[in-house]
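A.B. asks: structural data only, the sequence is not supplied:
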């Protein structure tokens, strides 16, 4: 039985997965001040996150990053699933970029110096969408490919048999 990923999916999964996993591991055990800073930044765009304690928020964010990173790095996780997780996560990051004052130059999508650290994560959204599309649209199920090969062989044999009968 083969893996549910192809060779072309390995590089984007490793690059994004390692980056996000490292970020999540770095947030584990964040002190109260760091947790409050992360939560304060996120709450400006997503006010409902203010209902949590800062340490709870930091733990949730760390766990989410670790889960997304691990899903990307685990070859047994189907590409569509890993791509959907990355797309959702990076969409949240880009929401911060688009809605937080001071992240973008006035009237533009171009980042300010402060917004550069989040704007660069747009590549995560691109990878996520690419994996999601690759995992759902571009790939025939393995069983369909096998059946097509068997059917193709049978058709070739039948064509040879018809030709012999007609000769």
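C.D. replies: All right, it came through fine. All values reported here derive from a predicted model rather than from experimental measurement.
A.B. asks: alpha carbons only for contacts and neighbour counts from here, please
C.D. replies: Fine.
A.B. asks: quick one: residues contacting the residue nearest to residue 104 when sequence neighbours are not counted.
C.D. replies: Take residue 104 and drop its neighbours on the chain: the residue closest to it by Cα to Cα, 6 or more residues apart in numbering is residue 111, 4.3 Å away. Residue 111 makes contacts with 103, 104, 105, 119, as judged by Cα atoms under 8 Å, 6 or more residues apart in numbering.
A.B. asks: ok, of the residues you listed, which one's closest to residue 22?
C.D. replies: The closest of these to residue 22 turns out to be residue 119 (Cα to Cα; 18.5 Å).
A.B. asks: correct me, but the closest one touches residue 96?
C.D. replies: No: the criterion here is Cα atoms under 8 Å, and residue 119 misses it with residue 96 at 9.3 Å.
A.B. asks: nearest residue to the residue most central in space within the chain other than its sequence neighbours?
C.D. replies: Central residue of the chain (Cα atoms, centre = their mean): residue 86, 2.3 Å from the mean position. Spatial nearest neighbour of residue 86, chain neighbours left out: residue 128 (4.9 Å); criterion: Cα to Cα, 6+ apart.
A.B. asks: ok, residue 167 to residue 160 distance?
C.D. replies: With distances taken as Cα to Cα, to the nearest Å, residue 167 is found 11 Å from residue 160.
A.B. asks: what does residue 121 give?
C.D. replies: Distance of residue 121 to residue 160, computed by Cα to Cα: 57 Å.
A.B. asks: who's more crowded, residue 167 and residue 160?
C.D. replies: It is residue 160, of residue 167 and residue 160, that has more neighbours when counted by other Cα atoms under 10 Å, with 12 against 6.
A.B. asks: please confirm that the more buried one is located within a helix.
C.D. replies: Yes: using DSSP: H, G, I helix; E, B strand; the rest coil, the assignment for residue 160 is a helix.
A.B. asks: pLDDT score assigned to it?
C.D. replies: At residue 160, the model reports a pLDDT of 81.
A.B. asks: any weak-confidence spans in the protein?
C.D. replies: Residues of the chain that meet the criterion pLDDT under 70 lie in 1-3, 138-145.
A.B. asks: what residues does the residue nearest to the centre of the chain make contact with?
C.D. replies: When contacts are counted by Cα under 8 Å, 6+ apart, residue 86 touches 68, 72, 124, 125, 127, 128.
A.B. asks: looking at the residues you listed, which is nearest residue 55?
C.D. replies: Lowest distance from residue 55 to these (Cα to Cα) belongs to residue 68, with 19.9 Å.
A.B. asks: does residue 43 touch residue 50 like I think?
C.D. replies: Yes: shown here, residue 43 and residue 50 form a contact pair, counting by Cα under 8 Å, at 5.6 Å.
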